[in-house]
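**Student:** here is the input, now give the coordinates:
(one chain, ligands or ions: 1)
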Amino acid sequence: MTHDIHIIGGGLAGSEAAWQLAEAGFKVRLSEMRGSGEATPAHQSDDLAELVCSNSFRSDDAEANAVGLLHQEMRALGSLILREADKHRVPAGSALAVDREGYAAGVTAALDSHPNVNLVRERVDALPDGPAIVATGPLTATALAQGIGAATGAEALAFFDALAPIVHRDSIDMDIAWFASRWDKGETKDYINCPMTKDEYLAFHTGLVTGETTPFKDWEKDTPYFEGCMPIEVMAERGVDTLRYGPMKPVGLDDPRTGRWPHAVVQLRQDNASGTLWNIVGFQTKLKHAEQVRLFRTIPGLQNAEFARLGGLHRNTFIRSPELLDPTLRLKSRPNLRFAGQITGCEGYIESAGIGLMAGRFAAAELAGRTLSPPPVETALGALLGHITGGAEVETYQPMNVNFGLFPPIPGRTKKADRKRMYTDRGRAALAAWMAA
Ligand SMILES: Cc1cc2nc3c(=O)[nH]c(=O)nc-3n(C[C@H](O)[C@H](O)[C@H](O)COP(=O)(O)OP(=O)(O)OC[C@H]3O[C@@H](n4cnc5c(N)ncnc54)[C@H](O)[C@@H]3O)c2cc1C
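**Tutor:** Residues are numbered from 1 along each chain as shown. Below you'll find the model as predicted:
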């Protein structure tokens, strides 16, 4: 079968993109290397869209959760991943969890039997010249990764992530924290600074070195990133004052409440253009998530912190999308290529499938000679897409889950529960208007 478009990678994103294009009437060549004698270190089967770890697509609450809203939007747009997940759902409270084998078999059968899909079990080693979607995920095979590096610039392709926690701006106590840059002369006040006394610092240091961490998987252990992006707890183990000479350095930061430099300072830097999200500088960590929440809330000013993302370090492959991709996921330097899924720097099964869905729809519109504008930023799909393709800070770009911090803020002061409802109501109305248009 000749094809209109080539999709490389039959994971969450590639499968969803293939479905959207095939349903729109376009011939798709879907290349998946598993099943051709190739493997990744994480996948266990040859099924498409395999869930490599948890069997959960997380919250299905479309009233109060950004992930649930994303599910709802994808259902409205005819998602294959959601169709099969719903069909193979297992009890999991308000989460959408699935019988992983039934679900993946369902996705595979739907695509394999679709008259517009040519599923080819092959490893692709070079970027195609014709229209294509690259959806090879966090474990992209080496030769293709080198080709992507050549097309995007080696520095724009990462082989691991180093996630520092991200905090919602409105949960930071600015009666304790203050805006300033180091040696601030009043012109730039780019950082939010949280001061620590000696006792607070020593207790925090003890918490770091005794905290329980998530171990590296065997195949991650040799990833050559450890020195460059050292976890904060490893830095802390090197000596009680190592952090005070590193990311928690207090010099040049006058606390306005005392007029003096604190014993140590935790700095947060803006993480998205709208200023709703702030990352804790240098705090990439392997500490378990519950441990991170407990410990980081002992930082003065962050005692009520709400986290949009917690820290982590993993083997990963992703490009610096905010500078490389246009708003419809095309590589600016080679617009016949789109990227989709985790390789764009989104994080998670459902986010990857959502970006795959949009890549498929954008490509289908283009093949039909139409232009599809991205969904509004008030929707979950639009907020995530907007972050990836320009809203995120380029220099500190790291993988991101969907969360309300990516949405334009709701004006005025409202109770947290009401605010979540306002986000989702606004998102539903925006998606309906976009679909109608
Ligand atoms: C170990 C691990 C655990 C994870 N756990 C979770 C979790 O519990 N929950 C969660 O939400 N997210 C989790 N993630 C993240 C999750 O994997 C991704 O979010 C999701 O699978 C990404 O979807 P994707 O389609 O971008 O990539 P994938 O689903 O990985 O699909 C990419 C596909 O491309 C194929 N491929 C790669 N290179 C080539 C090539 N050159 N030619 C042809 N085919 C190729 C691969 O075989 C794969 O099938 C985990 C990731 C990893 C690595």
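**Student:** which residue is the nearest non-sequential neighbour of residue 136?
**Tutor:** In space, and not counting its chain neighbours, residue 136 is closest to residue 9: 3.9 Å by C-beta to C-beta, 6 or more residues apart in numbering. For every residue, glycine as well, the C-beta is placed using N, CA and C.
**Student:** which residues are in contact with that neighbour?
**Tutor:** By C-beta atoms under 8 Å, 6 or more residues apart in numbering, the residues touching residue 9 are 31, 32, 134, 135, 136, 137, 140, 341.
**Student:** same thing with residue 182?
**Tutor:** Counted by C-beta under 8 Å, 6+ apart, residue 182 has contacts 191, 251, 252, 253.
**Student:** for residue 431, same thing?
**Tutor:** Counting by C-beta under 8 Å, 6+ apart, residue 431 touches 73, 76, 375, 376, 379, 381.
**Student:** now which of those residues would you call buried?
**Tutor:** 73, 375, 376, 379, 381 (16 or more other C-beta atoms under 10 Å).
**Student:** whether the helix or strand of the chain with the lowest mean pLDDT contacts the ligand - can you check?
**Tutor:** Here the helix or strand of the chain ranked lowest by mean pLDDT, DSSP states H and E is strand 157-163, holding a mean of 82. No - taking C-beta under 6 Å from any ligand atom as the criterion, strand 157-163 and the ligand are apart, separated by no less than 10.2 Å.
**Student:** other SSEs contacting that strand?
**Tutor:** Judged by 3 or more C-beta pairs under 8 Å, 6 or more residues apart in numbering; DSSP states H and E, the packing partners of strand 157-163 are helix 142-152, strand 312-319.
**Student:** parallel or antiparallel, list what pairs with the last one.
**Tutor:** Right, strand 312-319. Here strand 312-319 has these sheet partners by DSSP bridges: strand 157-163 (antiparallel).
**Student:** residue numbers of the protein in contact with the ligand?
**Tutor:** 8-14, 31-34, 40, 42-43, 52-54, 123-124, 135-141, 144, 341-343, 348-349, 352.
**Student:** what residue in the stretch 101-250 of the chain comes nearest to the ligand?
**Tutor:** Across the stretch 101-250 of the chain, no residue is closer to the ligand than residue 137, which sits at 2.3 Å (C-beta to the nearest ligand atom).
**Student:** am I right that that residue is in contact with residue 344?
**Tutor:** No - Residue 137 is beyond contact range of residue 344, at 10.3 Å (criterion: C-beta atoms under 8 Å).
**Student:** these two - which one has more neighbours?
**Tutor:** More crowded of residue 137 and residue 344, by other C-beta atoms under 10 Å: residue 344, with 29 against 25.
**Student:** ok, the more buried one - contacts?
**Tutor:** 318, 319, 321, 325, 329, 355, 388.
**Student:** could you report the separation of the second one from the ligand?
**Tutor:** Read it as residue 319. 12 Å (C-beta to the nearest ligand atom, to the nearest Å).
**Student:** give me the beta-bridge partners of that residue?
**Tutor:** residue 157.
**Student:** so for it, what's the pLDDT?
**Tutor:** Per-residue confidence (pLDDT) for residue 319: 95.
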